[in-house]
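>>> This is a predicted model, with the sequence first.
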Amino acid sequence: MEFKKALELMKQGMKMKLPSWGGYWFYDNEKEAIIMHTKEGKELDIRETERVEYTALNICSNEWMIADKNNCPELGRVATFGFDEAIKYLKRGLKVKRKGWNGNGMYVFIADATDLTNCLSAGSFECVSSLCLKNAQNKLCVGWVASQEDMLANDWSFVE
């Protein structure tokens, strides 16, 4: 749903979130403000946000939902999402993993051209940005390609 509807529901006492969030937002009638309840359990008045652009982008989202114990870690569950969302978060610089992976400590991230070029000492060339997998053996796999199962899975989550 769009933020306008989400704000109406917050003012009626509902907690609202975006699909990938561990926390939620709610409306404090006394302060007449939206309070951001973070995945770490902290509460912050939206007017005090240090990440204004990120907060504004969240407000512009049309994926708002009611936060409950089935979809919100702060209310009892781990937030998961599909590969389409995982790609979006990777592009924002976050690390993601699958619950369905057997190996401990595995995750995917994007290494940009600077990261990759600085790792290599031979020749004068430029590397392109790439998906990388940190595997269970603590090895970096550059140029990771998602399997069909990975792309269709809905058990992606953030790396803490």
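Nice, I can see it. Residues are numbered from 1 along each chain as shown.

>>> for this structure, what spans make up the helices?
3-11, 52-60, 83-91, 113-119, 148-152 (DSSP state H).

>>> Need the ones you listed in JSON lines (columns: mean neighbour count and distance to residue 129).
All C-beta spots, glycine's among them, are computed from the backbone N, C-alpha and C. As requested, the helices of the chain are exported to JSON lines (neighbours: other C-beta atoms under 10 Å; distance: least, C-beta to C-beta, whole Å):
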{"stretch": "helix 3-11", "mean neighbour count": "16", "distance to residue 129": "31"}
{"stretch": "helix 52-60", "mean neighbour count": "12", "distance to residue 129": "21"}
{"stretch": "helix 83-91", "mean neighbour count": "17", "distance to residue 129": "10"}
{"stretch": "helix 113-119", "mean neighbour count": "13", "distance to residue 129": "5"}
{"stretch": "helix 148-152", "mean neighbour count": "11", "distance to residue 129": "19"}
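
>>> give me the number of residues near residue 80?
Other residues within reach of residue 80 by the criterion other C-beta atoms under 10 Å amount to 19.

>>> Low-confidence ranges, the protein, go.
Low-confidence regions of the chain, defined by pLDDT under 70, span residues 77-79, 115-125.

>>> Quick check: can you list the domain ranges of it?
Taking automatic domain parsing as the domain assignment, the record places the domains of the chain at 3-75, 83-158.

>>> how far does the longest one sit from the chain's center?
Right, domain 83-158. 14 Å (C-alpha atoms, centre = their mean, to the nearest Å).

>>> So for stretch 70-79, what gets flagged as buried?
Within stretch 70-79, the residues that count as buried by 16 or more other C-beta atoms under 10 Å are 71-75, 79.

>>> before we move on, the earlier item: tell me which of the helices of the chain lies nearest to residue 20.
Judged by C-beta to C-beta, the one of those that comes nearest to residue 20 is helix 83-91, at 5.8 Å.

>>> by contact count, what packs against that closest one?
Packing contacts for helix 83-91, counted by 3 or more C-beta pairs under 8 Å, 6 or more residues apart in numbering; DSSP states H and E, involve strand 96-98, strand 107-111, helix 148-152, strand 156-158.

>>> Reformat the helices of the chain as JSON lines; add distance to residue 39.
As requested, these are arranged in JSON lines below (distance: least, C-beta to C-beta, whole Å):
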{"stretch": "helix 3-11", "distance to residue 39": "18"}
{"stretch": "helix 52-60", "distance to residue 39": "14"}
{"stretch": "helix 83-91", "distance to residue 39": "14"}
{"stretch": "helix 113-119", "distance to residue 39": "26"}
{"stretch": "helix 148-152", "distance to residue 39": "24"}
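
>>> Fine, thanks again, bye for now.
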